[in-house]
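Q: Sequence below, structure please.
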Amino acid sequence: MNITAYLRISTEKQDETSQRQQIAQWETDTGRKIDFFFCDHASGTTPWQKRALAGIVANATPGQTLVVSEISRIARSTVGVLTFLQAAAATGLNVVAIRNGLVLDESMQSKITVTIFALAAEIERDLISERTKAALAARRAAGLPMGRPFGATGRSKLDGKEDEIARCVAAKVSKRAIARMLSCSPQTLYTFMESKKPREAT
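A: Here you go, the predicted structure:
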């Protein structure tokens with residue numbers, strides 16, 4: 001089966017060299033050969049859905065393997081990693097993160113690992129929620145205005161993220177997972193998606 005190595009490269013040449021060295025050592029240790037190297041010049045803060053990774057997942061065939069030097073090459077947040085793994089699983093794409101010792105495929109161990117990632121993502125989301133509530137409580141205590149300013153338009157926080165949402169839906173990522181990734185409630189996501197559906201002519 002095809003084995004693709006994904007390198008997310010920063011502006012430093014040393015960064016690419018380090019990733020290639022780890023992947024070369026993996027080839028030596030496993031006796032497997034990389035068929036294709038994909039170098040992506042992108043910031044780690046850019047969601048994977050807006051990077052070349054989205055295309056790799058969308059075009060993957062069952063049994064194909066994606067190798068990265070470490071899991072942070074995919075995403076820097078637990079939620080980001082989880083949504084990627086869910087999308088990869090939906091297309092049958094196996095994932096190997098060398099430095100982390102992760103091999104995610106159809107095995108029971110992989111399913112347990114993904115479950116743990118899901119739990120960690122849930123905790124991360126809850127912590128963000130708690131910080132938001134604390135910030136709002138502090139504003140309230142200080143007598144600062146709450147909510148949307150008077151006269152504000154009815155824009156959604158998801159405006160401009162239509163393509164990102166569409167890619168996730170196409171990759172069969174659950175809507176609840178998409179909502180977590182976008183730091184919004186599932187209901188906010190559902191309402192936004194409904195508002196973007198074409199209206200029937202009357």
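
Q: what residue ranges in the protein are flagged as low confidence?
A: 1, 11-14, 108-111, 114, 118-129, 145-155, 198-202 (pLDDT under 70).

Q: what about the residue most central in space within the chain, helix or strand, and which?
A: Nearest to the mean C-alpha position of the chain, by C-alpha atoms, centre = their mean, lies residue 80 at 3.0 Å. In this structure, residue 80 sits in helix 78-91 according to DSSP states H and E.

Q: mind listing what's buried in that helix?
A: Within helix 78-91, the residues that count as buried by 16 or more other C-beta atoms under 10 Å are 78-89, 91. All C-beta spots, glycine's among them, are computed from the backbone N, C-alpha and C.

Q: again, but for stretch 178-197
A: 178-182, 184, 189, 192-193.

Q: out of these, who's nearest residue 96?
A: residue 181 (22.5 Å; C-beta to C-beta).

Q: these two touch, right, that closest one and residue 75?
A: No: with contact defined as C-beta atoms under 8 Å, residue 181 does not reach residue 75; the gap is 9.2 Å.

Q: anything in contact with each of the two?
A: Residues touching both residue 181 and residue 75 (C-beta atoms under 8 Å, 6 or more residues apart in numbering): 47, 83.

Q: Show me where the chain has its strands.
A: Taking DSSP state E, the strands of the chain run over residues 3-9, 36-41, 65-68, 94-97, 102-104.

Q: so residue 20 sits right up against residue 7, yeah?
A: Yes: Residue 20 is within contact range of residue 7, at 7.1 Å (criterion: C-beta under 8 Å).

Q: Pick out whichever of these two has more residues nearby.
A: residue 7 (20 against 17; other C-beta atoms under 10 Å).

Q: I figured the more buried one was touching residue 19, is that so?
A: Yes: judged on C-beta under 8 Å, residue 7 makes contact with residue 19 at a distance of 4.8 Å.

Q: Can you check which residues contact both of these two?
A: By C-beta under 8 Å, 6+ apart, the residues touching both residue 7 and residue 19 are 68-69, 73.

Q: Look up how far residue 67 lies from residue 35.
A: Separation of residue 35 from residue 67 (C-beta to C-beta, to the nearest Å): 10 Å.

Q: which neighbours do those two share?
A: The contact lists of residue 35 and residue 67 share 3-4, where a contact means C-beta under 8 Å, 6+ apart.
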